[in-house]
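Visitor: Next comes the sequence, and after it the predicted model I'd like to discuss.
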Amino acid sequence: MYNQPPLLVDYNLFEADAPLREALEREGGAWAQDLVGELGRLAGTQEAIDWGFQANANPPQLRTHDRFGERIDEVEFHPAWHRLMEVAVGHGLHAMPWREKRPGAHAARAAAFYVWSQVEGGHGCPVSMTYAAVPALRRQSELALKWEPLMTTLDYDPGLRPASTKRGVLFGMAMTERQGGSDVRTNTTRAVPTGTDGDYLLTGQKWFCSAPMCDAFLVLAQAPGGLTCFLLPRVLPDGSRNNFHIQRLKDKLGNRSNASSEIELKDAWATMVGEEGRGVRTIIEMVNHTRLDCVIGSASLMRQAVAQATHHTAHRSAFGKPLTEQPLMANVLADLAVESEATTILMMRLAGAFDRASDPVESHFRRLALAVGKYWTCKRAIAVVAEALECHGGNGYVEESILPRLYREAPLNSIWEGSGNVNALDVLRALSREPESLAAFLAEVGQASPHKLLDPAVADLKRELANTGEAESRARRIVERMAVLLQASLMLRYGDPAVADAFCASRLAGDWGRSFGTLPSSVKFASIIERHRPRNL
């Protein structure tokens, strides 16, 4: 066909991604190259690509009652959803760091999750929550002993049955309520002790409960001693259904393959995790791990968008030559690639900090950098995907191109696990309560010093931080500066030199406009684009 790009299919997403391959080795996950490479190969097949489209074209369906009028509260998924889940669970994306007792396991899992999420993002929700629930459950050793072996198998075993009869289980989370949203301390769900140690009956509603067909959930509720974390199974040990009623599924902008629901609990049996009144502290490790996955998901969306844009423009001509050779389009593509590489490197550095969290410096760095990175990368993904869609012209606006699905998916990560404001205010909280986190953050950024552009920018940031007046209203400004400085430092140390120079000239020196495609003309557009353009096998 004339002037139409070939399908981007039958390519290895891992082999085509130089920044990811380099970062995986640097962060200690080289032992997982074969696994990530296999996922990359599978993700590039027509079969896997079709699964992603099918799962979104056929969203889950709620069945509240059976034909006899009995409540069943089940959600039916298209077979493509189950194929996606089988691959994700079968490759350990829900449990790799808990299965692999060796350095670099979180980095390896981040790389694998990033690659496979490019096929389809929605099914990553239960995968992510299961991964994140393990460290929270470990606060209650007897619960971890019971549930962790089932949470870490490589068997995807859907269906509501007692956990003791299953080959593997998945976990979800239900915190927010309609009157409070992010302010979970205003939750009204009640937890009444049964008289048996640690057991409670929960009554109330949850406004967002994602992936309600999971086997168990971590839930926040008001116990006599205050807001508390609970483990709530869908099916009780005797085989009866818990009083977990799905009111409806959300009709969402994106993430349509995944079921997000409103639920009502009516004396639903649950067991306490942690201590009464310390629910937020108990569940915070789950939140931290899912925030990492928000960064991974955003990086994944950026990478897939850049891959599609660089592929399309390499094979589409206008005004006598390929689009990618048109100077203005080359500027746009290079700018998008710079943003994608900076995000990929940051994602892997954060995952590495999880691996090395036993080191106090790494732990303090993780505390601040995670909130900073979550805020910024989730914001940038939206802009990157929108610009990549425009690179396709009208072709990008039709569903078959995958760009509309990426565009609808992009805002999700910025909302999930704390919106932009929540994360920006969390950064301020860390700065005031944990000064060690700022010291670790600045030490990390300073590893690229001396540098003529980075050093003055760091000095400006320190002056900004020293000014505590109206800090809340300036929080986004502060966090944005911190994020760009961290990315600049990582790029200078680990990125491709041409990409790092372009990043610093634009993002630090200010030789940049207010949209993508405004890099200085001195940037080596062609080499940056070639570094990021995928190739069919």
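Guide: Happy to help now that I have it.
Visitor: Now the residue nearest the centre of the chain. Nearest residue, chain neighbours left out?
Guide: Nearest to the geometric centre of the chain sits Cys294, at 2.3 Å (C-alpha atoms, centre = their mean). Of all residues not flanking Cys294 in the chain, Asn413 sits nearest, at 4.1 Å (C-beta to C-beta, 6 or more residues apart in numbering). (C-beta placed from N, C-alpha, C; glycine too.)
Visitor: Give the other helices and strands that the longest strand anywhere in the chain contacts.
Guide: Ranked by residue count under DSSP state E, the longest strand found in the chain is strand 260-273. Where contact means 3 or more C-beta pairs under 8 Å, 6 or more residues apart in numbering; DSSP states H and E, strand 260-273 is packed against strand 199-210, strand 216-223, strand 226-233, strand 244-249.
Visitor: That one pairs with which strands, parallel or anti?
Guide: Paired with strand 260-273 in the same sheet, following DSSP bridges, are strand 199-210 (antiparallel), strand 226-233 (antiparallel), strand 244-249 (antiparallel).
Visitor: Just name the most buried of these.
Guide: Among the strands paired with strand 260-273, strand 226-233 has the highest mean neighbour count (mean count of other C-beta atoms under 10 Å), at a mean of 23.
Visitor: Outside of that strand itself, list whatever touches it.
Guide: Strand 226-233 has contacts (C-beta atoms under 8 Å, 6 or more residues apart in numbering) with 136-137, 140, 143, 147, 163, 174, 184-185, 187, 191, 200, 202, 215-222, 242, 244, 265, 268-280, 282-283.
Visitor: which is the next helix or strand following the top helix by length along the chain?
Guide: Counting residues, the longest helix found in the chain (DSSP state H) is helix 279-315. Next along the chain after helix 279-315, taking DSSP states H and E as the criterion, comes strand 317-318.
Visitor: mind listing what's buried in the longest helix of the chain?
Guide: Within helix 279-315, the residues that count as buried by 16 or more other C-beta atoms under 10 Å are 279-280, 282-283, 285-314.
Visitor: Could you dump the helices and strands packed on strand 260-273 into JSON lines and include distance to Val385?
Guide: Below are those laid out as JSON lines (distance: least, C-beta to C-beta, whole Å):
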{"stretch": "strand 199-210", "distance to Val385": "21"}
{"stretch": "strand 216-223", "distance to Val385": "31"}
{"stretch": "strand 226-233", "distance to Val385": "35"}
{"stretch": "strand 244-249", "distance to Val385": "25"}
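Visitor: TSV for these, including distance to Ser401 and mean pLDDT?
Guide: Shown next, in TSV, are the helices and strands packed on strand 260-273 (distance: least, C-beta to C-beta, whole Å; pLDDT from 0 to 100):
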stretch	distance to Ser401	mean pLDDT
strand 199-210	27	96
strand 216-223	36	97
strand 226-233	41	97
strand 244-249	27	98
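Visitor: Nearest to Phe354, out of these?
Guide: When the helices and strands packed on strand 260-273 are compared by C-beta to C-beta, strand 216-223 sits nearest Phe354, at 18.9 Å.
Visitor: Show me how far the closest one is from its chain's centre.
Guide: Centroid displacement of strand 216-223 relative to its chain, using C-alpha atoms, centre = their mean, to the nearest Å, is 23 Å.
Visitor: what helices or strands is that strand leaning on?
Guide: Helices and strands touching strand 216-223, by 3+ C-beta pairs under 8 Å, 6+ apart, are helix 124-137, strand 171-174, strand 190-193, strand 199-210, strand 226-233, strand 260-273, helix 279-315.
Visitor: Out of the ones you listed, which gets nearest to Met347?
Guide: Closest approach to Met347 among those (C-beta to C-beta): helix 279-315, 4.4 Å.
Visitor: Give me the angle between the closest one and strand 226-233.
Guide: 60 degrees (axes from the mean of the first three to the mean of the last three C-alpha atoms, to 10 degrees).
Visitor: chain center to helix 279-315: distance?
Guide: 4 Å.
Visitor: And for stretch 357-370?
Guide: Relative to the chain's own centre, stretch 357-370 is displaced by 19 Å; criterion: C-alpha atoms, centre = their mean.
Visitor: pLDDT wise, what is Gly469 at?
Guide: You'll see Gly469 listed with a pLDDT of 87.
Visitor: How about the contacts made by it?
Guide: For Gly469, no contacting residues are found, by C-beta under 8 Å, 6+ apart.
Visitor: who are the neighbours in contact with Pro19?
Guide: Contacts of Pro19 (C-beta under 8 Å, 6+ apart): 340-341, 344-345, 495-496, 531.
Visitor: what is the rounded mean pLDDT of whatever helix or strand it lives in?
Guide: Using DSSP H and E, Pro19 falls within helix 18-26. For helix 18-26, the mean pLDDT works out to 98.
Visitor: could I have that helix exported to PDB, CA atoms only?
Guide: The C-alpha atoms that make up helix 18-26 are tabulated as PDB, following Å, rounded to 0.1, in the frame of the first residue of the first chain:
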ATOM      1  CA  ALA A  18      18.400   0.600  24.900                       C
ATOM      2  CA  PRO A  19      17.700   2.800  27.900                       C
ATOM      3  CA  LEU A  20      15.900   0.000  29.600                       C
ATOM      4  CA  ARG A  21      18.500  -2.600  28.800                       C
ATOM      5  CA  GLU A  22      21.300  -0.400  30.100                       C
ATOM      6  CA  ALA A  23      19.400   0.500  33.300                       C
ATOM      7  CA  LEU A  24      18.500  -3.200  34.100                       C
ATOM      8  CA  GLU A  25      22.200  -4.100  34.100                       C
ATOM      9  CA  ARG A  26      23.100  -1.000  36.100                       C
END
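Visitor: Run the angle between that helix and helix 279-315 for me.
Guide: Using the same axes, to 10 degrees: helix 18-26 against helix 279-315 is 140 degrees.
Visitor: For the nearest residue to Asn58 once chain neighbours are set aside, give me its contacts.
Guide: Leaving out its chain neighbours, the residue that sits closest to Asn58 by C-beta to C-beta, 6+ apart is His78, at 3.9 Å. The contact partners of His78, by C-beta under 8 Å, 6+ apart, come to 54-55, 58-60, 257.
Visitor: Which members of those occur in helices, if any?
Guide: 54-55.
Visitor: export the contacts of His78 to CSV and tack on pLDDT, neighbour count and distance to Ala388?
Guide: Output for the contacts of His78, formatted as CSV (pLDDT from 0 to 100; neighbours: other C-beta atoms under 10 Å; distance: C-beta to C-beta, whole Å):
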residue, pLDDT, neighbour count, distance to Ala388
Gln54, 98, 17, 23
Ala55, 98, 26, 22
Asn58, 98, 16, 26
Pro59, 97, 19, 24
Pro60, 98, 23, 28
Ser257, 98, 28, 21
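Visitor: List just the nearest of the contacts of His78 to Trp376.
Guide: Ranked by distance to Trp376 (C-beta to C-beta), those are led by Ser257 at 26.6 Å.
Visitor: The helix or strand encompassing Met491 - what's its average pLDDT?
Guide: According to DSSP H and E, Met491 maps onto helix 475-494. What helix 475-494 shows for mean pLDDT is 98.
Visitor: Next, the angle helix 18-26 makes with it.
Guide: On the basis of the same axes, to 10 degrees, helix 475-494 is oriented at 80 degrees to helix 18-26.
Visitor: Could you list every helix and strand in contact with helix 475-494?
Guide: helix 18-26, helix 327-355, helix 360-391, helix 420-433, helix 435-446, helix 454-466, helix 497-503.
Visitor: still on that earlier bit, quick one, which of the strands paired with strand 260-273 is nearest to Arg507?
Guide: Nearest to Arg507, of these and by C-beta to C-beta, is strand 199-210 at 33.6 Å.
Visitor: With just CA atoms, put the closest one into CSV.
Guide: What follows is strand 199-210 as a C-alpha-only set of coordinates in CSV (Å, rounded to 0.1, in the frame of the first residue of the first chain):
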residue,chain,number,x,y,z
ASP,A,199,-11.7,-10.7,63.9
TYR,A,200,-14.1,-7.9,63.0
LEU,A,201,-17.3,-7.4,61.0
LEU,A,202,-17.1,-4.5,58.6
THR,A,203,-20.1,-2.4,57.5
GLY,A,204,-19.9,0.5,55.0
GLN,A,205,-19.3,1.5,51.4
LYS,A,206,-16.2,2.0,49.3
TRP,A,207,-16.3,4.3,46.4
PHE,A,208,-13.4,2.8,44.5
CYS,A,209,-12.6,-0.9,44.7
SER,A,210,-10.6,-1.9,41.7
